[in-house]
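> Predicted model, plus sequence, below.
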Amino acid sequence: MIRTKYLINLSKIIIHTLLFIRLSGSELLAFSEDTRVKISILYTSDEHGWIDSSFRNGGAASMMTEFKQKEGYDTNKAFLLISGGDNWTGPAISTITKGEATVETMNAMHYSLSALGNHEFDFGIENIKKNLSEASFPYLSANFRRKSDHKIPEFVKPYIIKTIQGVKVGIIGLSNVATPGLTKPANVEGYEFLPYISVLTEYTPQLLRDSAEILIAIIHDCSKDIIELSALFKSLGYTFVGTGHCHSELNSTKDGVAFIEPTSNFMKYARVDIDFDKSTKKVISLKEKIEPNTKIAPDADVKKVINKWRDITSKETDVSIGYTKNGIQIDNDILGNLVVDSWLAAFPEAQISMSNRHGIRQIIPVGNITLASIMGVLPFENEIYIVKLTGEQIIDNIKCCKPYVGGLVARNGFWLANGEKLDRNKVYKVVITDYIYSNGDKFKFKGQDSQPFMTGINFRQPLIDLIKTLKTSPDNPLDDKIDKKGRY
Ligand SMILES: [Zn+2]
C-alpha cells in the first residue's frame with residue numbers, strides 16, 4: 001500500500017517535472033524566437049520606364065504578381081521594396097510623360113525608396129522636383145550637392161531609417177559620381193556629386209546615432225566596381241549593398257557583405273532575407289537570390305495604372321510613320337547605321353556622324369513603325385551637336401570608343417562617302433550628341449573642340465524624319481533600305 005502510494009506520488013512528481021520542463025522549454029523557445037526576426041528586401045534597379053509588357057518581359061504589373069505570389073510580398077509584412085535608380089527614361093509611355101507614368105506605377109507597387117540615378121536628371125531639375133513630390137516614397141542621394149552652398153537639395157534625402165518588426169534599418173542612397181557626364185550636361189549645372197568613400201564615412205556614424213541596427217547602402221553604380229569597396233563596407237558595418245547602372249547581373253558576397261545587381265528594365269529582381277537577432281543586435285544569416293520576371297499574369301491594380309498611361313500616351317505615339325517586315329535589330333550594325341545616317345541626312349553640312357552603341361536602346365519591332373518605337377530606340381533627351389575634328393581626332397574616337405559611324409568606311413584606310421580618303425590633318429564636321437560630347441562613354445570631343453555647334457534638335461528627330469521620307473510600306477519595307485554592313 002505504502003509502496004503503491006509512493007509510486008503514485010513519484011509518477012505525479014515525474015509528470016509535473018516533465019510538464020515544467022516542457023513549459024519552460026517552450027517558453028525559452030518562444031523567448032529566443034522573439035529576439036530573431038526576418039527582414040526581406042525586394043530589389044530592382046534601372047527600371048528605365050519598362051512598366052508596360054513588351055517583347056522583353058511582362059513589365060511592372062507581372063513583376064508585382066511575381067512579388068506577391070512567389071515572394072509573399074505584402075506591404076503589411078516585413079518587406080522593403082527598393083530601387084537602385086534610373087527609373088524613368090525609356091520607352092515612350094515613360095519618356096513622353098517625363099517619368100510620371102513610372103512614378104505612379106512604382107507608387108502602386110508600394111516601393112519603399114529609390115536611389116537617385118543619373119537618368120533621373122534627363123528631364124531637368126524642375127521635373128525631378130515634380131516627380132519626387134508625386135512619389136509616395138523618398139529618393140535617396142547622400143552625395144548629391146548644390147555647388148552654391150554644398151548642401152543636399154531639399155527634394156532628396158541622404159538616408160532613411162525604417163522600423164521593421166521593431167528593428168531599425170538604416171538605408172543610405174548614393175547617386176553615380178559620374179552623373180555630370182551621364183546625362184544632359186545642362187541639367188546638372190550647379191550641382192556636384194561627391195565621392196562614395198568620403199560620403200559613406202561621413203554619414204554612417206549619423207545612421208548609427210539614429211539607432212540604425214542594420215545598415216544597407218543603395219548605390220547607383222556598377223556592381224563590378226562597388227564590390228571592390230567591400231572592406232570599407234565591412235568596416236562600416238553594412239550588410240547589403242544594392243547596385244545598378246550597368247544593367248548587369250551580380251549576386252556575390254564579399255567580406256560578409258552581399259552585393260547585388262539585378263539587371264534592368266523590370267527583367268529580374270533580387271530578394272535578400274536578413275535574419276537578425278534583436279538581443280545580440282547581430283545579423284545571424286543572409287540569403288540572396290535573383291529571379292526573372294516571367295510574364296506571369298499581371299497584377300490588376302498595377303495594370304490599371306499602366307493602362308491609364310498607355311491610353312494617354314498612345315494617342316500621340318501610336319501614329320505609324322513606316323513599316324518593317326522583319327524588325328530592325330540592334331545586335332548588329334543595322335539599326336546603328338540607320339541612326340547615324342539619319343543624322344547626316346538632317347545635317348548635310350557635316351561629313352561624318354558618330355553615336356555611342358549604348359545610346360540605342362531597343363529594336364524596331366516588326367510591322368508598322370510607330371513614334372513609340374522610335375522613342376524606345378532613342379529614349380533620351382539628348383541634343384544633336386556638331387563638332388569640328390581633324391581626321392586624326394576622328395580615328396582616335398573610333399579607336400577608343402567603337403561608335404556607330406556614318407559617312408565613313410574603313411577598307412584599307414578610311415574613306416568618305418564622296419570617295420575621298422580621310423585626311424588625318426584636314427578638319428571635318430562631325431554630328432554627335434551632347435551626351436557623348438561631354439565625355440559620355442569616354443569619347444574625347446570636349447577636349448578636341450571647345451565650341452561645338454549646339455543644334456537644339458533632339459537626337460531622335462532626324463530618325464523620325466528619315467523614316468517618314470522613305471515612305472515605307474509592306475510592299476516597300478524599311479528593311480530593304482538600310483546599309484547592313486559594318487563600317488570598320
Ligand atoms: Zn545609370
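All right, it came through fine.

> Please state the backbone phi and psi of residue 223?
The phi/psi pair for residue 223 (degrees, to the nearest 10) reads phi -60, psi -40.

> What of residue 450?
According to degrees, to the nearest 10, residue 450 has phi -80, psi -10.

> That one: how many residues sit nearby?
8 (other Cβ atoms under 10 Å). In this view, the C-beta of every residue, glycine as well, is placed from N, C-alpha and C.

> One more: residue 475?
The local packing of residue 475 (other Cβ under 10 Å) involves 7 other residues.

> Could you check how far the closest residue to residue 234 other than its chain neighbours is from residue 209?
Distances taken as Cβ to Cβ, 6 or more residues apart in numbering place residue 255 nearest to residue 234, at 4.0 Å, with adjacent residues excluded. Residue 255 sits 24 Å away from residue 209, taking Cβ to Cβ, to the nearest Å as the criterion.

> Relative to the ion, how far out is the residue nearest to residue 234?
As for residue 255, its distance to the ion is 25 Å (criterion: Cβ to the ion, to the nearest Å).

> before we move on, what about residue 115?
Taken as Cβ to the ion, the span from residue 115 to the ion is 10 Å.

> so what's the residue of the stretch 351-488 of the chain found nearest the ion up against?
Closest residue of the stretch 351-488 of the chain to the ion, Cβ to the ion: residue 358 (10.6 Å). Residue 358 is in contact with residue 441, counting by Cβ atoms under 8 Å, 6 or more residues apart in numbering.

> With residue 270 instead?
By Cβ under 8 Å, 6+ apart, residue 270 lies in contact with 41, 42, 43, 44, 242, 251, 260, 262, 288, 289, 290, 291.

> same question, residue 223
Residue 223 touches 243, 246, 248, 250, 252, 259, 260, 261, counting by Cβ under 8 Å, 6+ apart.

> tell me the pLDDT at it?
As predicted, residue 223 sits at a pLDDT of 96.

> if I look at it, how far off is the ion?
Using Cβ to the ion, residue 223 is found at 12 Å from the ion.

> And for residue 343?
Using Cβ to the ion, residue 343 is found at 24 Å from the ion.

> That residue touches residue 353, doesn't it?
Yes - contact criterion Cβ atoms under 8 Å: residue 343 and residue 353 qualify, at 4.2 Å.

> which neighbours do these two share?
Common neighbours of residue 343 and residue 353 (criterion: Cβ under 8 Å, 6+ apart): 406, 431.

> if we can go back for a sec, doesn't the residue of the stretch 351-488 of the chain closest to the ion lie inside a helix?
Yes - under DSSP: H, G, I helix; E, B strand; the rest coil, residue 358 falls within a helix.

> which residues does the one residue in the stretch 251-400 of the chain that gets nearest to the ion contact?
Relative to the ion, the nearest point of the stretch 251-400 of the chain is residue 264 (9.1 Å; Cβ to the ion). Residues in contact with residue 264 (Cβ under 8 Å, 6+ apart) are 45, 46, 47, 48, 50, 86, 244, 247.

> again, only using 10 Å
By Cβ atoms under 10 Å, 6 or more residues apart in numbering, the contact set of residue 264 is 44-48, 50, 56, 84, 86, 90, 244-249.

> Please apply the same query to residue 149.
Going by Cβ under 10 Å, 6+ apart, residue 149 touches no other residue.

> Do you know the pLDDT at it?
Taking residue 149 on its own, its pLDDT is 96.

> the strands in the stretch 51-200 of the chain, which residues?
Ranges of strands in the stretch 51-200 of the chain, per DSSP state E, counting those that start in this stretch, are 79-83, 113-115, 139-140, 144-146, 159-164, 167-174, 191-193.

> pretty sure residue 272 belongs to a strand, no?
Yes - assessed with three-state DSSP, residue 272 lies in a strand.

> Between which two of the contacts of residue 270 is the distance greatest?
Using Cβ to Cβ, the pair of these lying farthest apart is 242 and 291, separated by 15.1 Å.

> which one of those two has more residues nearby?
With neighbours defined as other Cβ under 10 Å, residue 242 and residue 291 compare such that residue 242 has more, 29 against 16.

> for the residue lying closest to that one once chain neighbours are set aside, what are its contacts?
Sequence neighbours aside, residue 218 is the residue nearest to residue 242 in space, at 4.5 Å (criterion: Cβ to Cβ, 6+ apart). When contacts are counted by Cβ under 10 Å, 6+ apart, residue 218 is found next to 41, 43, 45, 82-85, 113-116, 140-141, 159, 171-174, 240-244.

> Go again with 8 Å.
Neighbour list for residue 218: 82-85, 113-115, 140, 171-174, 241-242 [criterion: Cβ under 8 Å, 6+ apart].

> Would you map the strands across the stretch 351-488 of the chain?
For the stretch 351-488 of the chain, strands defined by DSSP E, counting those that start in this stretch occupy the ranges 352-355, 367-370, 383-390, 404-406, 408-410, 414-416, 427-433, 453-458.

> Could I get the ones you listed in JSON lines, plus columns for distance to residue 153?
Listed next are the strands of the stretch 351-488 of the chain as JSON lines, based on distance: least, Cβ to Cβ, whole Å:
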{"stretch": "strand 352-355", "distance to residue 153": "32"}
{"stretch": "strand 367-370", "distance to residue 153": "37"}
{"stretch": "strand 383-390", "distance to residue 153": "24"}
{"stretch": "strand 404-406", "distance to residue 153": "36"}
{"stretch": "strand 408-410", "distance to residue 153": "43"}
{"stretch": "strand 414-416", "distance to residue 153": "46"}
{"stretch": "strand 427-433", "distance to residue 153": "27"}
{"stretch": "strand 453-458", "distance to residue 153": "26"}
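
> want to throw the ones you listed into TSV with distance to the ion and mean pLDDT?
Converted to TSV, these look like this (distance: least, Cβ to the ion, whole Å; pLDDT from 0 to 100):
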stretch	distance to the ion	mean pLDDT
strand 352-355	18	98
strand 367-370	26	96
strand 383-390	19	94
strand 404-406	21	97
strand 408-410	30	96
strand 414-416	33	97
strand 427-433	16	97
strand 453-458	20	82
